[in-house]
Every structure is written in structure tokens, then in C-alpha cells.
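Q: Provided below are the primary sequence and the corresponding predicted coordinates.
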Amino acid sequence: MPVPDSSGLTITNRKVRGPEGAPDVSVRIYHPDEQTAPIGVLDVHGGGFVLGDLETSHAGNIALARGIGAVVVSVDYRLAPENPFPAGLEDCYAALSWFSAHAAEFGVDPGRIAIHGASAGGGLCAALALLARDRGGPSIAFQYLGIPELDDRLDTPSMTAFLDTPSWNRPAAIRSWDAYLGEGRRGTDDIPPYAAPARATDLSGLPPAYISAMEFDPLRDEDIAYAVALLAAGVPAELHLFPGTFHGSSSLFADAAVSRREALERIAVLRKALGA
């Protein structure tokens with residue numbers, strides 16, 4: 001991928017204190033020269049729980065920080081299968097806790113921090129919102145869940161239908177969940193909602209949410225169901241199903257009209273949610 005233009009931003013890497021007994025967590029901070037408001041975004045990259053690092057969403061985070069005028073913190077969480085659940089989620093929680101505690105250092109109001117992720121990153125953000133609520137942890141103003149990976153049971157119509165779709169399909173989902181949860185655990189009764197948020201039975205008190213779904217994506221139906229469940233629990237939620245798309249199609253076909261609309265909507269949704 002081409003090296004993105006980072007003008008107008010100060011970008012720094014840091015190590016922050018990790019979960020108890022675990023290594024420190026690497027984060028990358030994107031600080032725009034012109035902040036529109038004292039707002040921040042914690043970004044969690046995708047990669048099926050097994051791939052990715054701070055470079056994965058680097059270009060996207062530059063566009064995010066510049067487009068919103070917010071301080072963006074990207075977290076380099078530990079990956080499965082070497083570090084299965086809950087390692088990655090605990091790293092994300094540690095990064096959120098650090099960002100909230102040090103918000104003033106970056107001119108950010110700790111009550112105006114959103115979480116943002118796509119694919120497995122979206123699933124981790126959904127789990128992070130549940131974990132922060134239940135631990136009485138840092139405030140989350142908004143959760144942006146792009147095509148989130150939420151359900152290890154793999155029994156929705158879209159998940160059973162799409163066996164060979166580009167970028168993501170049922171065989172890929174099987175490998176992903178087996179790596180994240182451990183062989184033989186996927187679909188069993190003892191999977192907690194912090195691992196697979198679609199299993200949560202209490203979604204009350206969560207931050208407002210935006211969820212995107214793609215038409216030809218195995219994750220489509222679990223994403224729609226999660227948005228409906230949030231609404232049923234009294235959580236303000238917006239759902240957008242993009243027609244004619246597949247999982248990650250916007251990164252492969254960035255110039256397509258629907259991809260441009262998705263990118264513009266991401267900025268608009270977060271600006272409105274954070275009061276930029």
C-alpha cells in the first residue's frame with residue numbers, strides 16, 4: 001500500500017501498562033494540529049483476531065484523525081492463537097484505561113472518547129463496551145462497530161450461505177474463532193459474551209452505537225441482529241447495510257461509489273456522535 005500523507009498530524013508511538021502479569025501494550029497516537037473539539041477515538045484494528053498490528057489501520061487512522069479533528073489512539077493488541085481470548089480484549093481495555101486517564105495530556109475530555117473498530121476490531125469494541133460497563137471502567141461515549149465479528153456459533157443464514165465470498169467466508173470464520181477461543185470451544189455453551197458479544201443477554205446501559213453490514217458478508221445477519229438487540233435494550237443504535245458489497249470491499253475498491261459513501265459516513269457519524 002502507498003505510504004499515506006501524514007501532514008497536519010503529530011504521530012507518536014508509546015508503550016502503556018498492560019494487563020496485570022502481561023507485557024506492556026504498544027499504542028500509536030495521532031494528534032491533529034487542529035483539533036475540532038476535546039474528543040478522542042480508540043481504534044482497534046481488524047484481522048480475524050489473528051492478523052494485524054499498528055500498520056494495519058495506519059492510513060485509515062490518519063484519515064480518521066484528520067477528518068474528525070480528534071486524537072486517535074490505535075492499540076497493538078496481542079493476537080491469537082498464541083494469545084487467545086481474553087488477551088487481546090484485556091490489551092484493548094488497558095489501552096482505553098490509559099487513554100482515559102491521560103486524556104488531559106492530549107486535550108481530550110475523558111467523557112468524549114469513542115471506540116472504533118472493523119471486523120474482528122469491531123467485535124473487540126463491542127466486547128470492550130460490555131467489559132467497561134460491567135467493570136465500572138472508563139467512560140465510552142460511542143461505539144462504532146464496522147462489520148463486526150460477534151458470534152462464534154456460526155449459525156445465521158448468511159454465515160451458512162457464504163462459503164466462498166471474497167475476503168471473508170465461513171471457512172475463514174471457523175479458523176478465526178478456533179484460534180481465538182481454542183480448538184473445540186466454538187459454539188459450546190460456556191463462551192462468555194466478552195468473547196462473543198452476540199451471546200450477551202443484557203445490553204442495557206451500553207453506549208450508543210453505529211453498526212455497518214455488507215450484503216455479501218457471512219457476518220451480515222449477526223451484525224443486523226446485534227443492532228436490533230441493542231435497540232430492544234434501549235440503546236440508541238444506527239444500522240447501515242451497504243448494498244452490493246462484501247467484507248472489506250471498501251479497502252479493495254476504495255474508488256467505488258458505495259465505498260466512498262461508506263468512508264464519508266464513518267467520518268460524519270463519529271463527528272456527530274462526539275459533537276465535533
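A: Received, thanks. Numbers count the residues shown, from 1 in each chain.

Q: ok, and Y144, which helix or strand is that part of?
A: Counting by DSSP states H and E, the element that carries Y144 is strand 142-146.

Q: pairing partners for that strand, with directions?
A: strand 113-118 (parallel), strand 209-216 (parallel) (DSSP bridges).

Q: tell me the buried residues in the helix or strand following it?
A: The C-terminal neighbour of strand 142-146 among helices and strands, as given by DSSP H and E, is helix 157-161. Neighbour counts over helix 157-161 (16 or more other Cβ atoms under 10 Å) mark 158-159 as buried. The way it works is simple: take the backbone N, C-alpha and C, and place the C-beta from them, glycine included.

Q: buried residues in the helix or strand just after helix 157-161?
A: Downstream of helix 157-161, the next assigned helix or strand under DSSP H and E is helix 170-181. Buried residues in helix 170-181, counting neighbours by 16+ other Cβ under 10 Å, are found at 170, 173, 176-181.

Q: just the closest of those residues to V44, please.
A: For those, the closest approach to V44 (Cβ to Cβ) belongs to Y180, at 13.9 Å.

Q: for that closest one, give its distance to R186.
A: Going from Y180 to R186 by Cβ to Cβ, to the nearest Å gives 9 Å.

Q: with just CA atoms, put stretch 74-84 into CSV.
A: Coordinates of each C-alpha in stretch 74-84 appear next as CSV, following Å, rounded to 0.1, in the frame of the first residue of the first chain:
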residue,chain,number,x,y,z
SER,A,74,-4.5,2.8,17.9
VAL,A,75,-3.8,-0.3,20.0
ASP,A,76,-1.5,-3.2,19.1
TYR,A,77,-3.2,-6.0,21.0
ARG,A,78,-1.9,-9.5,21.3
LEU,A,79,-3.1,-11.9,18.6
ALA,A,80,-4.4,-15.5,18.6
PRO,A,81,-3.7,-18.4,18.5
GLU,A,82,-0.6,-17.7,20.5
ASN,A,83,-2.6,-15.4,22.8
PRO,A,84,-6.2,-16.5,22.8
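
Q: next one: it to chain centre, how far?
A: In terms of Cα atoms, centre = their mean, to the nearest Å, the centre of stretch 74-84 is set 14 Å apart from its chain centre.

Q: can you give me the mean pLDDT across that stretch?
A: Stretch 74-84 carries an average pLDDT of 98.

Q: same question, stretch 29-37
A: Averaged across stretch 29-37, pLDDT comes to 96.

Q: so which bits of that stretch are buried?
A: Neighbour counts over stretch 29-37 (16+ other Cβ under 10 Å) mark 29-32, 35, 37 as buried.

Q: could you dump the residues you listed into JSON lines with distance to D152 and secondary structure added?
A: Formatted as JSON lines, those follow (distance: Cβ to Cβ, whole Å; DSSP: H, G, I helix; E, B strand; the rest coil):
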{"residue": "I29", "distance to D152": "32", "secondary structure": "strand"}
{"residue": "Y30", "distance to D152": "32", "secondary structure": "strand"}
{"residue": "H31", "distance to D152": "37", "secondary structure": "strand"}
{"residue": "P32", "distance to D152": "37", "secondary structure": "strand"}
{"residue": "Q35", "distance to D152": "39", "secondary structure": "coil"}
{"residue": "A37", "distance to D152": "38", "secondary structure": "coil"}
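
Q: could you work out the most separated pair of the residues you listed?
A: By the measure Cβ to Cβ, I29 and A37 form the most distant pair in the buried residues of stretch 29-37, at 17.1 Å.

Q: A helix includes L130, no?
A: Yes. L130 forms part of a helix when assessed by DSSP: H, G, I helix; E, B strand; the rest coil.

Q: and stretch 20-31, how far apart are its ends?
A: One end of stretch 20-31 to the other measures 28 Å (Cα to Cα, to the nearest Å).
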